[in-house]
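Colleague: Sharing a model prediction with you, sequence too.
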2 protein chains.
Amino acid sequence: MNSKLRPWDVLDSRDVYVAEPWMTVSVQQVRLPDGTVIDDYHQIKLGEFTVVFAQTSDGKILVERQYKHGLGRVTLTLPAGSINKGEDPLVAAQRELLEETGYRSDNWKPLGTYVPHGSYGCGKAHLFKASAVYQVAAPESGDLEEMEILLMEPAEVVKSISQGDVELLGTMSTILLATHPLMNGDGVS
Amino acid sequence: MNSKLRPWDVLDSRDVYVAEPWMTVSVQQVRLPDGTVIDDYHQIKLGEFTVVFAQTSDGKILVERQYKHGLGRVTLTLPAGSINKGEDPLVAAQRELLEETGYRSDNWKPLGTYVPHGSYGCGKAHLFKASAVYQVAAPESGDLEEMEILLMEPAEVVKSISQGDVELLGTMSTILLATHPLMNGDGVS
């Protein structure tokens, strides 16, 4: 490996905007492997969140249609939500699926953990696939999350991406991770 | 469509942290469709960026290995970069591919535009596939972007996701968009 491919040294870090529990913006002084020092490299710390690709035993996917303020439009999403402080990501995913849709699953598979922004961070996305989900309750979403819940065929969900109906990076990538034939061997099943 | 699925009204917006040209954090007073008013909903405005899945005429993918400070580790990425103010996303993608790898393409296909964070925004990712890329120059990356450039088979790139070697949401999703058989009909070619 190239010897220059080393982590940067953080020489100093000061918080410049703090709004607990939502976000902390900091400015860091960092030293690169070649010795260059940058005085003002920003980092954005946001909460971690989960996104769930939930499939019923007859193959349908639980899809939501809702307004997302970060996008400014109504869009297709998957069950998703913030991880509480100290909460295990899988437990959070199970809680969000139940709260938003009233469904549970006994078969969970992690699809990986990903950082939304390569330069600034912006939290972490923990993605999951839940198979053979079954309804145990009515949805109990809070007032920030008015939504429609749809049951769609996997191929239809993937098609909605190419039609531009999926506009969030986390939703789109979770759909593709769960349905890509080279990713998990069970493809669009 | 459910009548509650309407955009929120922004009643007031004030910038609480500004670091031009990188970011602006604002706090908005918003009114939900049911009339609820929230006084402190944050938005994070970051620059837009591009990610490029670039494939040679013999099928290899241009992959980079580099340190990303938002992640804090060395990871696999694709050619990517910020869009300059007023720059067309496709022009930015072509410029970044050339600067980082020395390659060009005469065959560009948009893979969509996505928002990294559903609640806060955090910029926009414009994703592209460049086919039959050919080398016209040496890479000319700046000192922030020390990297190794690898030529990998598509199946190997997808496998690197399941192995945990791809940890950025934008990189992972661009790889899957460009290789998902239901997305574009040409699959892993």
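Modeller: Sure thing, it's come through.
Colleague: List of residues touching the helix or strand A:Thr50 falls within?
Modeller: A:Thr50 is part of strand A:49-56, with elements assigned from DSSP states H and E. The contact list for strand A:49-56, computed with C-beta atoms under 8 Å, 6 or more residues apart in numbering or on different chains, reads A:61-62, A:78-83, A:89, A:92-93, A:96-97, A:101, A:103, A:105, A:111, A:123-134, A:151, A:154, A:170-171, A:174-175, A:177-179, A:189. Yep, even glycine has a C-beta here, placed from its N, CA and C like the rest.
Colleague: Quick one: distance of the helix or strand following that strand to the chain centre.
Modeller: Moving toward the C-terminus from strand A:49-56, the next helix or strand (DSSP H and E) is strand A:61-68. Chain-centre distance of strand A:61-68: 14 Å, with C-alpha atoms, centre = their mean, to the nearest Å.
Colleague: Hey, what's the angle from strand A:61-68 to strand A:49-56? Just curious.
Modeller: If you take axes from the mean of the first three to the mean of the last three C-alpha atoms, to 10 degrees, strand A:61-68 sits at 140 degrees to strand A:49-56.
Colleague: The next helix or strand after strand A:61-68 pairs with which strands?
Modeller: Moving toward the C-terminus from strand A:61-68, the next helix or strand (DSSP H and E) is strand A:73-77. Strand pairing for strand A:73-77, using DSSP bridges, gives strand A:61-68 (antiparallel).
Colleague: Give me the outermost residue of chain A relative to its centroid.
Modeller: A:Gly35 (35.1 Å; C-alpha atoms, centre = their mean).
Colleague: So that one versus A:Lys4, what's the distance?
Modeller: In this structure, A:Gly35 and A:Lys4 are 11 Å apart, going by C-beta to C-beta, to the nearest Å.
Colleague: and the residue nearest in space to the middle of chain A, what pLDDT?
Modeller: Computing the C-alpha centroid of chain A and ranking residues by C-alpha atoms, centre = their mean puts A:Ala125 first, at 3.7 Å. pLDDT for A:Ala125: 98.
Colleague: was I right about it contacting B:Glu167?
Modeller: No: A:Ala125 is beyond contact range of B:Glu167, at 10.5 Å (criterion: C-beta atoms under 8 Å).
Colleague: shared neighbours, these two?
Modeller: Taking C-beta under 8 Å, 6+ apart as the criterion, A:Ala125 and B:Glu167 both touch A:113-115.
Colleague: just checking, which of those belong to strands?
Modeller: Residues of the shared contacts of A:Ala125 and B:Glu167 located in strands (DSSP state E): A:113-114.
Colleague: Buried subset of the shared contacts of A:Ala125 and B:Glu167 as a PyMOL selection?
Modeller: In PyMOL syntax, the buried subset of the shared contacts of A:Ala125 and B:Glu167 is picked out as below (16 or more other C-beta atoms under 10 Å in any protein chain shown):
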select buried, chain A and resi 114+115
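Colleague: and the shared contacts of A:Ala125 and B:Glu167 as JSON lines, adding pLDDT and distance to chain B?
Modeller: Below are those laid out as JSON lines (pLDDT from 0 to 100; distance: C-beta to the nearest C-beta, whole Å):
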{"residue": "A:Thr113", "pLDDT": "97", "distance to chain B": "7"}
{"residue": "A:Tyr114", "pLDDT": "98", "distance to chain B": "4"}
{"residue": "A:Val115", "pLDDT": "97", "distance to chain B": "5"}
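Colleague: Show me which of the shared contacts of A:Ala125 and B:Glu167 is closest to B:Val74.
Modeller: Nearest to B:Val74 among the shared contacts of A:Ala125 and B:Glu167 is A:Val115, at 13.2 Å by C-beta to C-beta.
Colleague: so who does the residue nearest to the centre of chain A touch?
Modeller: A:48-51, A:113-116, A:170, B:169.
Colleague: about what we covered before: now do the strand holding A:Thr50: distance to the chain's middle.
Modeller: 9 Å.
Colleague: Residues touching the helix or strand of chain A with the lowest mean pLDDT, excluding its own?
Modeller: The weakest-scoring helix or strand in chain A, judged by mean pLDDT, DSSP states H and E, is helix A:181-184 (a mean of 80). Applying C-beta under 8 Å, 6+ apart, the external contacts of helix A:181-184 come out as A:109, A:111, A:129, A:177-178, A:187-188, B:155, B:158-159, B:161-162, B:176, B:179, B:181, B:188.
Colleague: For A:Asp106, which non-adjacent residue is spatially closest?
Modeller: Nearest residue to A:Asp106 in three dimensions, chain neighbours excluded: A:Ala132, at 7.1 Å (C-beta to C-beta, 6 or more residues apart in numbering or on different chains).
Colleague: Mind listing what's buried along stretch A:104-119?
Modeller: Buried residues in stretch A:104-119, counting neighbours by 16+ other C-beta under 10 Å, are found at A:104-105, A:108, A:111-112, A:114-119.
Colleague: Export those to TSV and append columns for distance to B:Gln43.
Modeller: Conversion of those to TSV gives the following (distance: C-beta to C-beta, whole Å):
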residue	distance to B:Gln43
A:Arg104	34
A:Ser105	33
A:Trp108	32
A:Leu111	28
A:Gly112	27
A:Tyr114	22
A:Val115	20
A:Pro116	15
A:His117	15
A:Gly118	20
A:Ser119	18
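Colleague: Just give me the closest of those to A:Leu11.
Modeller: A:Ser119 (17.9 Å).
Colleague: Now do the contacts for that closest one.
Modeller: Counted by C-beta under 8 Å, 6+ apart, A:Ser119 has contacts B:68-70.
Colleague: go again using 6 Å as the cut-off
Modeller: B:Gly70 (C-beta atoms under 6 Å, 6 or more residues apart in numbering or on different chains).
Colleague: just to revisit the earlier point, would you agree the residue farthest from the centre of chain A falls within a helix?
Modeller: No: with DSSP: H, G, I helix; E, B strand; the rest coil as the criterion, A:Gly35 is assigned coil and is not in a helix.
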